[in-house]
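*Asks:* Next one to model:
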Amino acid sequence: MSDLDHVFSANGPLAETIPGYRSRVQQQEMAQAIAEAIKHNRQLVAEAGTGTGKTFAYLVPALLSGGKVIISTGTKTLQDQLFNLPAQ
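*Replies:* Coordinates of the predicted model:
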């Protein structure tokens, strides 16, 4: 099991920390695409519907990469949501 699979699994750290967390295939697929883009130093434009879990789908691979990434948001609301994520 990869680190991403573990993090997003029903028994992983997100499930242990976030009340009501549920594993989502679309979230895992998006996270994997982002991890591949980071690994191969490529740009990626990703779009996903409400409820996909986009925030963690891009933040988890970014944090696991250990490097620097740029995340561009479409709204001030989402920017604030990312900036104000509670520390665990």
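*Asks:* ok, the spatially most central residue of the chain - contacts?
*Replies:* The centroid of the chain falls nearest to Ala57 when counting by C-alpha atoms, centre = their mean (2.0 Å). Contacts for Ala57 were tallied using C-beta atoms under 8 Å, 6 or more residues apart in numbering; they are 27-28, 30-31, 34, 46, 48. Quick note: C-beta positions are derived from backbone N, CA and C, even for glycine.
*Asks:* Can you tell me how far it is from Ile38?
*Replies:* Distance check for Ala57 against Ile38: by C-beta to C-beta, to the nearest Å, it reads 13 Å.
*Asks:* How about Pro19?
*Replies:* Applying C-beta to C-beta, the value for Pro19 to Ile38 is 29 Å.
*Asks:* Give me the neighbour count for Ala35.
*Replies:* Applying the criterion other C-beta atoms under 10 Å, we find 21 residues in the vicinity of Ala35.
*Asks:* Give me the spatial nearest neighbour of Val7, chain neighbours excluded.
*Replies:* Distances taken as C-beta to C-beta, 6 or more residues apart in numbering put Val60 closest to Val7, at 5.3 Å, once the chain neighbours are dropped.
*Asks:* thinking again about what came up before, just the buried residues of the helix or strand where the residue nearest to the centre of the chain lies, please?
*Replies:* Secondary structure here is read from DSSP states H and E; on that basis Ala57 sits in helix 54-65. Using 16 or more other C-beta atoms under 10 Å as the test for burial, helix 54-65 gives 54, 56-62.
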